[in-house]
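>>> Build me a structure from this.
(one chain, ligands or ions: 1)
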Amino acid sequence: MESKISQREQWTSKLGFILAAAGSAIGLGNLWGFSYRASQGGGAAFVLLYIFIVLIVCLPVFVAEMALGRNSMKSPLFAPVELGGTNWYPLGILFFIAPIGILSFYSVIMSWTADTFFHIFFFGLPKDISEAENVFKSISGGSSVLLGHLLSLVLTAMIVSSGIKKGIEKVTRYFMPILFIILLGLAIWASTLSGAWEGYKTFLLKFDFAELKNPQTIRNAFGQAFFSLSLGIGIMVAYASYLSKKSNLPKLSFGVATLDTLVGLIAGLITFPIVLTFGLSDVISESTIGTLFISIPSGLASSGLAGRIVAIVFFGLVFIAAITSSVSLLEVPVSSLMDKFGYQRIKSVWIITLLIFILGIPPALNGGVLETLISLTDVLLIFGGFLVTFFMGWVVPRRLDSELDDSKVGTKTVRYLKFMMRWVAPPIIAFGLLISIFELLKGWIN
Ligand code: PHE
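Residues are numbered from 1 along each chain as shown. Now for the predicted structure:
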C-alpha cells in the first residue's frame, strides 16, 4: 500500500539543491566516461554534438523531470501515477529499476577507483604499461573487486540513510567545492605539460565533419549527455521533490547542466594532455573501460614523486565525484520503497543496498557483463528521457504550466521551454534512441 509521508524533507537552500544535483551529475561519467568516449573517436565533433544535445535536448528533459518531481512531491515510483493516473505506473517502475541496475555496476567502477587510489598510495605507480595492465587486472578481478563493490555501496548507504539534509546535502556541500578546487588544480598542472597543446588540439580542435554523421559518435554523444546529467531515470524527479515551491526550475537546471558540462570539458583538458605528453595514444585508441585506470598511472610514472601525488589526487577526485553520484542513484529506489510500503529510511536503504550488491556480482566478476550493462544503460536513459518529456509536454501540460508559472520565469522562457519540450526534444530524442538501439544491436551481432 502506498503510504503518505507526512513531512517531506526539503533542501535547506537553493545552493544545497544545486550542489546535490551537480554532485549527482558530476561523476564517473565526466571523469572516466567523457574521456573514454571522446577517445573512441569523433574528436571535436563528439564534443560539439554532446554540447548541442545538452542544450537542445537535455535541458528540456531536465526541466520536465524537475517539474514532475516538484509538482507531485512523490518518489519517482509514484510521481507519474500521481499526475497521469495508473496507466503511467510503468514509467514509475522504470524509474525504480533503472537506478538499481546502474548502481550495481557503477559501484564496481567506484571500487576500481578506490583500489587504484590505494595501490598508488601504498605501492607507487606501475613502471610501464604492462605492469599497469597487471595491476588493473588484479584490481578488477576476484575478491578484491567484490570487497570494493561492497565497501563503496556501504559508504553510499550510510550517507543516504542519514537523509536528505543531514546525509546527501551535507556530504555534497563539503565534497563539491573540494572537487572543483582539485579539478582546477589538476587542469593548471596539465597545462604545464609538454604535450598540453597537442592534447587540447586532439580533444577540441581535431574536427572531422564526417564524424557528425557517424552513428557511433552520435550514439556516444547522446549516451554521454544523458548519463552525465543523470537524466531519464528519475534522479531529478527525486531531488526536485525536496525543493520548495519558490525555486526557479529552469534556472536551477541550467545552473546544474552548465556545471556538469564544464567539469566534463575540464576533465578532458586534464586527461588529453596527459595522454599526449606520455605517448599513451595507442592505449587509448584501443580504448576499453579500463583505459583510464591503466593509462593515467603508467603515464604519470615517469614524473616521479610529483606524478605519484598527481595520480593520488586524481583518483581521489574521481572517487569523490562518484560517491556524490552513487547517493543519488540509491536515493531513487530508497525513497520509492519508503513511499510504497511506508518503511523507515534506514530499512529501505539496507534492503535496496543488499539487492544492488547481489546484482553487482556478475558485472564485478565479468567485464563482458559490465560492458553490456553500460551500453544498455545509454538506451534506457534516452528512452526514459523521451517518456518524461512526452509525459510533461503532452500528457499533463497543465502541471507543467503550473510549475513553470510558479517558477516566475519570464513568459518568453516559458514559451521557449514548452515549445522545446513538445516539438523539438521528443523527435530528436526518438532519433537518438533509434540510432542507439541500432548501434547496440549491431554491437551484439558482431
Ligand atoms: N551522472 C553520473 C555521472 O556522470 C552518473 C549517473 C547516471 C548518476 C545516471 C545518476 C543517474 O557519473
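>>> From now on I want contacts and neighbour counts done on CA atoms only, so please keep to that.
OK.
>>> separation between the closest residue to Gly148 other than its chain neighbours and Trp197?
What sits nearest to Gly148 in space, not counting adjacent residues and going by C-alpha to C-alpha, 6 or more residues apart in numbering, is Ser111, at 4.3 Å. Between Ser111 and Trp197 the distance, using C-alpha to C-alpha, to the nearest Å, works out to 32 Å.
>>> Where does the prediction get shaky in the chain?
In the predicted model of the chain, residues 1-6, 41, 283-288, 406-407 satisfy pLDDT under 70.
>>> Flag every residue of it that's near the ligand.
Residues of the chain found near the ligand (C-alpha under 6 Å from any ligand atom) are 24-30, 227-230, 325, 329.
>>> all strands for the stretch 1-150 of the chain, in order.
Counting by DSSP state E, counting those that start in this stretch, the stretch 1-150 of the chain forms no strands at all.
>>> one step back: and Ser111 and Trp197? Which one has more around it.
Set Ser111 next to Trp197 and count neighbours by other C-alpha atoms under 10 Å: Ser111 wins out with 26 against 18.
>>> ok, that one touching Val145?
Yes - contact criterion C-alpha atoms under 8 Å: Ser111 and Val145 qualify, at 6.2 Å.
>>> quick one, what contacts Phe293?
By C-alpha atoms under 8 Å, 6 or more residues apart in numbering, the contact set of Phe293 is 112-113, 116, 136.
>>> Inside helices: which ones of those residues?
If you go by DSSP state H, those have 112-113, 116, 136 in helices.
>>> what ranges do the helices span in the stretch 201-350 of the chain?
215-228, 235-240, 249-277, 281-285, 291-300, 304-341, 345-359 (DSSP state H, counting those that start in this stretch).
>>> which parts of the first one are buried?
Buried positions in helix 215-228, judged by neighbour count with 16 or more other C-alpha atoms under 10 Å: 216-228.
>>> what residues are up against the nearest residue to Leu370 once chain neighbours are set aside?
Once flanking residues are discounted, Leu370 sits nearest to Pro363: 4.4 Å by C-alpha to C-alpha, 6+ apart. Pro363 sits next to 104-105, 108, 369-370, 373 when contact means C-alpha under 8 Å, 6+ apart.
>>> where's Pro363, which helix or strand?
helix 361-365 (DSSP states H and E).
>>> Tell me the buried residues in the following helix or strand past that helix?
Toward the C-terminus, helix 361-365 is succeeded by helix 367-390 as the next helix or strand (DSSP H and E). Neighbour counts over helix 367-390 (16+ other C-alpha under 10 Å) mark 367, 370, 373-390 as buried.
>>> counting contacts, what elements does the helix or strand following helix 367-390 pack onto?
Sequence order places helix 397-406 as the next helix or strand after helix 367-390, per DSSP H and E. Packing partners of helix 397-406 (3 or more C-alpha pairs under 8 Å, 6 or more residues apart in numbering; DSSP states H and E): helix 59-72, helix 249-277.
>>> Quick check: buried residues in helix 397-406?
For helix 397-406, burial by neighbour count (16+ other C-alpha under 10 Å) applies to 399-401, 403-404.
>>> In this protein, which residue sits furthest out from the middle?
Gly304 (32.5 Å; C-alpha atoms, centre = their mean).
>>> residues in contact with that residue?
Per C-alpha under 8 Å, 6+ apart, neighbours of Gly304: none.
>>> heads up, I number from 56, so please use that
From this message on, residue numbering opens at 56, which makes the last subject Gly359.
>>> quick one: it and the ligand, what's the gap?
30 Å (C-alpha to the nearest ligand atom, to the nearest Å).
>>> Same question for Asn269.
Counting by C-alpha to the nearest ligand atom - Asn269 and the ligand are separated by 23 Å.
>>> Burial check on that residue, number of neighbours?
Burial measure for Asn269: 15 neighbouring residues, criterion other C-alpha under 10 Å.
>>> residues in contact with it?
Per C-alpha under 8 Å, 6+ apart, neighbours of Asn269: none.
>>> what phi and what psi does the backbone show at it?
Dihedral pair for Asn269: phi -80, psi 120, per degrees, to the nearest 10.
>>> what number of residues lie near Ile236?
Number of residues near Ile236 (other C-alpha under 10 Å) recorded here: 12.
>>> To which secondary structure element is it assigned?
Here Ile236, judged by DSSP H and E, is contained in helix 225-246.
>>> List the contacts of that helix.
With contact meaning C-alpha under 8 Å, 6+ apart, helix 225-246 is reached by 71, 74-75, 78, 214, 251-252, 318, 321-322, 324-325, 328-329, 365, 368-369, 372, 375-376, 379.
>>> Touching, Pro131 and Gly124? I think so.
Yes - using C-alpha under 8 Å, Pro131 is in contact with Gly124, at 7.2 Å.
>>> which residues do those two both contact?
292-293.
>>> Looking at those two now, which is surrounded by more residues?
With neighbours defined as other C-alpha under 10 Å, Pro131 and Gly124 compare such that Pro131 has more, 33 against 27.
>>> residues in contact with the more buried one?
Counted by C-alpha under 8 Å, 6+ apart, Pro131 has contacts 124, 147, 150-151, 289-290, 292-293, 387, 390-391.
>>> picking up where we left off before, by neighbours, which of the residues of the chain next to the ligand wins?
In terms of neighbour count, Ile81 stands highest of the residues of the chain next to the ligand at 33 neighbours, by other C-alpha under 10 Å.
>>> what separates Leu347 from Phe230, distance-wise?
Per C-alpha to C-alpha, Leu347 is found 22 Å from Phe230.
>>> what does Phe191 give?
Distance, Phe191 to Phe230, by C-alpha to C-alpha: 27 Å.
>>> got it, and Gly345?
According to C-alpha to C-alpha, Gly345 stands 25 Å off from Phe230.
>>> Greatest separation within the contacts of Phe348: which pair is it?
Distance extremes for the contacts of Phe348: the farthest pair is Thr168 and Phe191 at 10.2 Å, using C-alpha to C-alpha.
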